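Asks: sequence and predicted structure below; questions after.
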Amino acid sequence: MSENHSEFHDPQGPIHSGSGDQNIYLYDSIRESVRAQARGRRRTPSDDLRWLKQRFVAPPGLAIARTTLADARTALLTGPPGCGRRTAATMLLHELAGDRAPLTELEDEAADPDASLSAVKVLPRHLFVLDMSSSNEAVFRARQRELLAFRAEVQKADGHLVVVLPGSLAHHVEAELSRYIVRIERPDGREVLAAHLAAEQITLPTDRLDHEDVEQHLTASMAEITNLARMTVEARRSDPGGDAESWFLEAISACTDRRGEVAEVVGKHARGRARSVLLAAAMCRGATSDAVFFASHRLVKQLGFEEEPRLEQDGHHDHLVSLGIEVTADGRVEFDKLGYDQAARDYFWDSYPDLRKRFCGWVHSIIRDPLFTGRDRMNLVDHVVAASLRTNSPAHVRWLIEQWVFPESNARSNPLQDFGVRALIAGLSDERHGRFFRRMVWEWSTSDDLPAAVGQILVEVCTEVIAPRFPAQALVRLHQRARREDGRGDPTARQALLELTSTNPTLWRLLLDRLANDAARDNNWPMDLYLFLALADPTHLIRGDRPLITDAVVRPQLVFLWYRAMVAAGAPAAVPDPVRHRVSHWLAAAVQPAPRDLLLGLLVEAAQQNLPLLGFLHVSARDWSHAGDGRAEVAMRLSQLIDLAQGLQPTDYLFDRMPQEAAR
């Protein structure tokens, strides 16, 4: 059975109960749970760019790449692994176009040979990053066949494209594209670390980076140097009274690989119980000694170790001492070496791949234990998710998420929901496996019987976690959910979707495009009518020097969708009230002379092939003109355009001499 179809079965048996934190709810609402666990306020592309600029060190070769991209609107980057090519690509695009142009990371196209660049929507001044640094040969060859045609589309839209090539295949690039290849070299590790620390207001002594214990870290990948800086910041947070050098030394210690030390300790303890104590202590570091004991005891039982009678074994305290595990004055388990618990977790997940699924089942079985505090449980979730993702087992994390967020049948509440949310956010945020979890969220969004609580989680993670980096993917998932929800969410997927499109012109276009394409395929959903009417805000369409209503792509889509809206329930008598209301809004916006014919002409064009629809527009305008804010000249102009659409000639265009009755 493949990993993606692994089966888990709930372990049977009682969970220890006793004194301790009985309330395992951590947040009052799903929204609070997602927002708090997404680690701060929602980041925007501008926030990310600002963060990146403060820490970016230009690598050798960037100037040549900049010139190539400016001249050809295309650059293909190659270079040694870990030199920061992906970051360089992002910086190059933003330097040219700023942070307001739409930027799309072509992630699926970099991972799936069956994905196609021809299906990618290219908008005006669009920026694209295609990072194939980790792509296999099948993906590389599939994308190369499409790249020339896609590049032409990007150029036609005044956009820019940066491709990060897989190092081992760069020499296979076709001749027509090879002229755009630029090699990026590794920037100086000292400068990169110093820039990251300076952005956090941490300054090390000038000679500190010359020490031998630092050298191996400064020659590591850009990701590892970034992690060293992050650990220094974490050390400052843990010890605000220290100084920069002490924080840095602690970070160096934390980043040191201690798996060899763990292997040596494990080798001295051949019995399963002692090893279970070590794993439980590493997974539950910071929990009480009793909590660690019962967690390890549960693991022993689940793995089915054959043991001598309990009183003939070493006691729990003896195990802790022999394993080098400390118990603090308040009874909590700690390790004396920073990073040792991480090394222990890595050791067990690496050494026992056949037990990884069962380790996850064990975590699920102990997370309710009342001896754990809320923080203990969150740490446990973080540890099992990190271990599973590090060892390329995202399906194990998915199983845990679905155990924790899907309510049990007939359950009035779900006390494990916050842990599922935490695991989901971690999965979505993971650089290697985020795509797996976005696919999972998409599957949820297309489910017709998704529980309401899971639907609300979907809405929140799309808005808070997916949208900042993959806005188009968030839009697709919210759209699918909006079609199926019952409207009782807070916010609903519909509300979240419209909020997303109201602040992002690119997403507004993408949603309009989806609505038009689905309507053309007769893929009709009742919700789509209401989404279109929300998008068809006349004040938005006529704003600016180049109003959207005049756009060569947008205008035909508006015409088509207005036609579908007006015939949705049959015209004229059964046209839904929201359609009548939006027509009235367009008539009101047409009071201004400048956009009058743009608005009215589009409505008439949408209805001109259907005489009842033209009649509906005429009656709507007549009724509106009689209302308090109505204007007779707008109704008259609409009537004239209707006559022209039918091949009739109007008799008079001078509104100031037109009797009021003419508008009736």
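Replies: Everything's here; your move. Numbers count the residues shown, from 1 in each chain.

Asks: tell me which element residue 412 falls in.
Replies: Using DSSP states H and E, residue 412 sits in no helix or strand.

Asks: for it, grab the count of nearby residues.
Replies: 6 (other CB atoms under 10 Å). Placement of C-beta: from N, CA and C, glycine included.

Asks: for residue 152, same thing?
Replies: Neighbour count for residue 152, taken as other CB under 10 Å: 10.

Asks: and for residue 512?
Replies: If we define neighbours as other CB under 10 Å, then residue 512 has 21 of them.

Asks: for the helix or strand encompassing it, packing partners?
Replies: Assigning secondary structure by DSSP H and E places residue 512 in helix 505-520. Helix 505-520 is packed against helix 471-484, helix 493-502, helix 526-535, helix 554-567, with contacts defined by 3 or more CB pairs under 8 Å, 6 or more residues apart in numbering; DSSP states H and E.

Asks: so how far is the last one off the chain centroid?
Replies: It refers to helix 554-567. Relative to its chain's centre, helix 554-567 lies at 31 Å (CA atoms, centre = their mean, to the nearest Å).

Asks: pull out the buried residues from it.
Replies: By 16 or more other CB atoms under 10 Å, the buried positions in helix 554-567 come out as 554-555, 557-567.

Asks: same check on the third one?
Replies: Residues of helix 526-535 classed as buried: 527-535 (neighbour count, 16+ other CB under 10 Å).

Asks: next: the second one.
Replies: Applying a neighbour-count criterion of 16+ other CB under 10 Å, one finds 493-498, 500-501 buried in helix 493-502.

Asks: show residues contacting that helix.
Replies: With CB atoms under 8 Å, 6 or more residues apart in numbering as the test, helix 493-502 has contacts from 455, 458-459, 462-463, 467, 471, 474-475, 478-479, 481-482, 485, 487, 489, 491, 507-508, 511, 527, 530-531, 534-535.

Asks: now the last one
Replies: Defining contact as CB under 8 Å, 6+ apart, one finds that helix 554-567 is touched by 509, 512-513, 515-516, 519-520, 529, 532-533, 536, 541, 548-549, 575, 579, 582, 602-603, 605-607, 609-610, 613, 616.

Asks: can we see that at 7 Å?
Replies: With CB atoms under 7 Å, 6 or more residues apart in numbering as the test, helix 554-567 has contacts from 509, 512-513, 515-516, 519, 529, 532-533, 536, 548-549, 575, 579, 602-603, 605-607, 610, 613, 616.

Asks: then the first one?
Replies: Around helix 471-484, the neighbours that count as contacts under CB under 7 Å, 6+ apart are 104, 438, 441-442, 445-446, 448, 455, 458-459, 462-463, 466-467, 492-494, 496-497, 500, 504, 507, 510-511, 514, 525, 527, 531.

Asks: list only buried entries from the residues you listed.
Replies: Among the contacts of helix 471-484, the ones that count as buried by 16+ other CB under 10 Å are 104, 438, 441-442, 445, 455, 458-459, 462-463, 466-467, 492-494, 496-497, 500, 504, 507, 510-511, 514, 525, 527, 531.

Asks: how is the chain carved up into domains?
Replies: For the chain, automatic domain parsing gives the domain ranges 23-41+392-503, 58-183, 189-256, 538-663.

Asks: could you dump those to JSON lines with mean pLDDT and distance to residue 47?
Replies: As requested, the domains of the chain are arranged in JSON lines below (pLDDT from 0 to 100; distance: least, CB to CB, whole Å):
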{"stretch": "domain 23-41+392-503", "mean pLDDT": "90", "distance to residue 47": "8"}
{"stretch": "domain 58-183", "mean pLDDT": "90", "distance to residue 47": "9"}
{"stretch": "domain 189-256", "mean pLDDT": "88", "distance to residue 47": "13"}
{"stretch": "domain 538-663", "mean pLDDT": "84", "distance to residue 47": "25"}
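
Asks: what about those domains, which gets the closest to residue 279?
Replies: Across these, residue 279 has its closest neighbour in domain 23-41+392-503 (15.8 Å, CB to CB).
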